[in-house]
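**Student:** how would this look folded up:
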Amino acid sequence: MLAIRSAASALVLFVSTGNLCAQDQGVLGLWTTDKGKGRVEIVKCAAPKQGLCGTIVWISEPNDKQGRPQTDKANQNASLRNRPIIGLQIFQGWREAGPNKWKGAVYDPEDGRDYDVDISLAGDRLTLKGCIAFLCDSDTWTRYRGQ
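**Tutor:** Numbers count the residues shown, from 1 in each chain. Modelled structure (predicted):
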């Protein structure tokens, strides 16, 4: 009887811990962008106390029509237009702004602009909301689970 009770307790602990680990992933990890065109890896920035950083690690169309890797051709700074999109850091320094909330800026390589955004996490969805004057827009990224 004691062995059954111990095994049951261990199973409950294992299942509970597994659920906590799945829920406790937080914002770190791999995210698929709003329209599924790219994936961004979010990590703690290398420098201490520098917040969160995000890098494009995959895009649906990695090469242009000539078969060359896609570059940051929309960048407003002409000297940066040859940077490959894959491997491009699109944000750094996102700061915590409350439970499951961050503030920061994100670079959009499609139009070459930076946007100030409010970020919120709900389950496997990460919402980035930004406004310019009275016009607001948001994107929802989903946690990438493979394939």
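**Student:** Show me where this protein has its strands.
**Tutor:** 29-32, 38-44, 52-59, 89-98, 101-108, 113-122, 125-132, 135-143 (DSSP state E).
**Student:** And residue 113, how close does it get to residue 132?
**Tutor:** 9 Å (CB to CB, to the nearest Å). Just so you know, the C-beta spots here come from the backbone N, C-alpha and C atoms, and that holds for glycine as well.
**Student:** Mind checking which of the two has more residues around it?
**Tutor:** residue 113 (14 against 10; other CB atoms under 10 Å).
**Student:** The more buried one: what's it in contact with?
**Tutor:** By CB atoms under 8 Å, 6 or more residues apart in numbering, the contact list for residue 113 reads 76, 107.
**Student:** In the sheet, which residues pair with it? Tell me.
**Tutor:** Beta bridges link residue 113 to residue 108, judged by DSSP bridges.
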